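Engineer: quick check, what structure comes out for this input:
(3 chains)
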Amino acid sequence: MTQAVPSAVRLDGGSWLRRIRLPAQPLGRHLILALGGAVVLYLVTSALSPYNDYEVGEIALYVIALAGLSLLTGVNGQISLGHGAFMAVGAYTTALLMTHTHVNFILELLAAIASAAVLGLLIGIPATRLKGPYLAGMTLLLALALPPIADKWSGTFGGDQGLTTTVPAAPGSVNPERWLAWIQIMGALVTLVLLANLLRSRFGRTFRAVRDDEIAASLAGIQVARTKVTAFVISAACAGLAGAFLGLSTGVVNTGEFPLTLSIQLLAAMVLGGTGSLMGMWWGAILLVYLPQWSTSLSGHFSLGSGASAYLATIIFGVVLIVVMIAAPTGIQGGLRWSWGRISHYRSGSHSISPRVPPRPDDSRPLSRSHDT
Amino acid sequence: MSLFVNITLDGIANGMIFAALALALVLIFRATRIVNFAQGAMGMITTFIASSLLGQGVGYWWAFVAVLAIGFVLGALVERVLIRPLQGKSELNPVIVTIGLLVVLEGVAGAIYGNSSRGFPAAYSQSGLTVGHTKIAFSHFDVFILGAVLALMIATLLLFRMTTLGLRMRASAFAGEISRLLGVRVGLFLTLGWALAGVAGSLAGLLVAPTSSFGPYYMDLVLVYAFTAAVVGGLESPVGALIGGLITGLCISYVGGYLGSGLQPLGALALLMVALMARPEGIFARPPARKV
Amino acid sequence: MLEVQGLCVSYGAVDALRSVTFQARSGSITAILGANGAGKTTLLRTISGLVKPRSGTVRFSGEELVGNPVENIARRGVAHVPEGRGVIAELTVEENLRLPTLWSMGHHQRQAAIEATFELFPRLRDFRRHHASALSGGERQMLVIGRAFISRPRLLLLDEPSLGLAPIVTAQLMTLLRDRTEGTDLTVVLVEQNARSALSVSQHAVVLNLGEVVVSDEASVIAADNALRHHHLGF
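Structural biologist: Presented below is the predicted three-dimensional model:
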């Protein structure tokens, strides 16, 4: 593939939006976008208070988990209600290494990714034989089955108290929360670039082919089972990294951090952001991080009891799932793309990108996906 | 030896409850090809309503019957309002909607009833019966569980096999389009299937409540155990649900008794995976050969 | 009498039927012919209500059918035997026969109707308590024909009934249809790939090509038109 020379970004009065060109080759595009994102986020975190930085970091770590889930469900068509379990595995791995060893931080993260990937392999293999509802049921059971193991061997896993994690020291005078946020943001951007490239590659096409029609895909020579397992392992690995980051954010890793509701909230966040989208996951992550606060203030507004606010958040997640599925299956990102398509269509008359029609109700593919980035 | 006997009896009692909820899952799956992950939570909500009624001084059996009726209505309502709009679109959307409903119901129950730990009374004494000179781990309440679930199963089987209503429900479930062409109001009977499932789910909720930590999440594990039971039994028939329920109940009980209760979900997961792998063709929504 | 007027049906971007217009008289058999993909099955599915047309009307005995639920159309006396026959394999033979009578007949009438069907198709009586999955292709055909007739339809839609049947069985089937239609007010619309046998029993024929009506004429006229037969019907 020829390397396209990136044209300069031209700012040109009223039609600047149309004039921006990005390099044609995906990797270049993604790197530049990531770089831009890094700059923006650096500026944002520098301007915010340490607590807000902490939240931005949390958003970033959830983006990692959601991006993996989005790849699994939106692009490959498999559903998982157990990604909380993969996050738990990543978190505990990192915490164990931090507690008992003095291994390099990067290695600890890699170990989290690897251990979650291994579990993903173990689950992904039987998962190849399961259709949607059965896979959902099995992963649901996984989400419920895994945390009690840590309780059973509470000696190793720290029981109720859990294990503590330590963030690597920040350089110089950088605030520790800000430093952690940068680490998590870096992780998110790296993950997004890798996944985006993956989706543009032959792999991405294979994933989609399997999602759309397994029989046709296998007739076309695609190794269906291997593809599905690969997607599962990748998404599990993402969740593992996210789990490790979550452990760093909270400072402690115990089973209370990974209830069933976490897995369901991940699903809701992914669906809201836009199943199959990567950038859409930022919306979902924002929901995950800020909903507890919003529902607390909301329940205060209606003077509900203090216990009620936690349940209000749960109700809202459930309502999000139901409403999005019935009314707007492509989520926020899909809706944005649709609007963008309409705007471009109006602005440039008849010759332009054809307006992206929102998916019809009789779309027979599993869920309706917005385009990935 | 007596430990083994007691564990086995415990497994049977639990297994019957799983069978009741598994029956609900089977009825819905047969009718609409959907696994209703909210079925346990629906049973939970109706049981909470029962708890409120009891708190108001309503007699136990009145509350029992009332709540079964509410389960019937709730099942029909969910099918018409949430599931019907999604019919025929994709396989995954209804699954996600039922998960959403699960979460909403748990949230509502928690918001209304709060965290206050409340118990739920059992219909009968829960102390073990005495056989000969020994006390066994099977109480009057366990006998009631056995009887109630068997009655439900038999009633369901009679309904399906012996009545024209049952014939129409089966036809609607197995061959909806053809049945419509034959003048059957298929939509109505699918709703009825969900309504009956609602009754079964309510029964399960009432039977579990006395022995559990009665809170919004108390049916979560029961649901996944019932799912396992339904899969083990083949997801096709009430009899399968009963057999699957017993197998799952016994399996959970042995794991709990000999390995510790924390490992029970893991045991269920292992059983589920074995059951799923044992079907050589995997699990498909409907084998195409049926439609000739 | 069935009157189809300007029927347009699309599946997404694909036009399956383009302004199809024809009539089928009562007491006669009207054949719908054409190659695969011509829209024959879509036409029947639209008449019985399984498919909603974009525009056009379907009137039977003066009543408009379009827009009504499938089961209501069936209850108006429209019996549709779909492609692939539509035997409900999980039910017994007797249950298959009972099903369409549930809304229209009392117990005794139903029993009499079922017995009459077994008179017509004695083979089925041997299987009455067996699951329909045990039947062979020809027996399944008998079952669905019996099931269609048991509700005393006024409009009978048959989609490729001869598919997979031995020629002698097809001939018997066609004879049966003719006997049941002649001198009654039953309207039969018969979709067939096997144009030859269809033309032998029908009074009127409509030839479809890519969703459009190419010819609508007396069956004898079409059968005699060699050029037409070669071009559209393959014989």
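
Engineer: could you pick out the longest strand of chain B?
Structural biologist: The residue-count maximum for a strand in chain B (DSSP state E) belongs to strand B:134-139.

Engineer: okay, now residue A:37: neighbour count?
Structural biologist: Other residues lying near residue A:37 total 17 when counted by other C-beta atoms under 10 Å in any protein chain shown. Yep, even glycine has a C-beta here, placed from its N, CA and C like the rest.

Engineer: and residue B:41, that one's in a strand?
Structural biologist: No: counting by DSSP: H, G, I helix; E, B strand; the rest coil, one finds residue B:41 to be helix, located in no strand.

Engineer: find the nearest non-adjacent residue to it, please.
Structural biologist: Leaving aside its sequence neighbours, residue B:41 sits nearest to residue B:105 (C-beta to C-beta, 6 or more residues apart in numbering or on different chains; 4.0 Å).

Engineer: and residue A:48, by the same measure?
Structural biologist: Nearest non-adjacent residue to residue A:48 (C-beta to C-beta, 6+ apart): residue A:56, at 6.9 Å.

Engineer: count residues in the vicinity of that neighbour, would you?
Structural biologist: 21.

Engineer: my guess is it meets residue A:182, correct?
Structural biologist: No: the criterion here is C-beta atoms under 8 Å, and residue A:56 misses it with residue A:182 at 9.5 Å.

Engineer: pick out the residue of chain B closest to chain A.
Structural biologist: Residue nearest to chain A within chain B: residue B:100 (3.0 Å; C-beta to the nearest C-beta).

Engineer: now the element after the helix or strand that residue falls within, going C-ward?
Structural biologist: With elements taken from DSSP states H and E, the one containing residue B:100 is helix B:92-113. Downstream of helix B:92-113, the first helix or strand assigned by DSSP H and E is strand B:128-131.

Engineer: per-residue confidence averaged over that following strand?
Structural biologist: Per-residue pLDDT over strand B:128-131 has a mean of 70.

Engineer: now that strand: how far from the chain's centre is it?
Structural biologist: On the basis of C-alpha atoms, centre = their mean, to the nearest Å, strand B:128-131 sits 28 Å off its chain's mean C-alpha point.

Engineer: if we can go back for a sec, what is the neighbour count of the residue of chain B closest to chain A?
Structural biologist: Here the number of neighbours of residue B:100 (other C-beta under 10 Å) works out to 28.

Engineer: same question, residue C:167
Structural biologist: Neighbours around residue C:167, by other C-beta under 10 Å: 10.

Engineer: any idea how far chain A is from it?
Structural biologist: Here the criterion is C-beta to the nearest C-beta, to the nearest Å. By it, residue C:167 lies 34 Å from chain A.

Engineer: then residue C:113?
Structural biologist: From residue C:113 to chain A the distance is 38 Å (C-beta to the nearest C-beta).

Engineer: quick check, that residue in a helix?
Structural biologist: Yes: according to three-state DSSP, residue C:113 belongs to a helix.

Engineer: quick check: the gap between the closest residue in space to it that isn't next to it in sequence and residue C:102.
Structural biologist: Among residues not flanking residue C:113 along the chain, residue C:150 sits closest, at 5.1 Å (C-beta to C-beta, 6+ apart). With distances taken as C-beta to C-beta, to the nearest Å, residue C:150 is found 11 Å from residue C:102.

Engineer: neighbouring contacts of stretch C:40-47?
Structural biologist: C:2, C:4, C:7, C:9, C:16-17, C:20, C:32-34, C:51-53, C:58, C:65-66, C:78, C:80, C:82-83, C:155, C:157, C:159-160, C:189, C:191, C:208, C:211 (C-beta atoms under 8 Å, 6 or more residues apart in numbering or on different chains).
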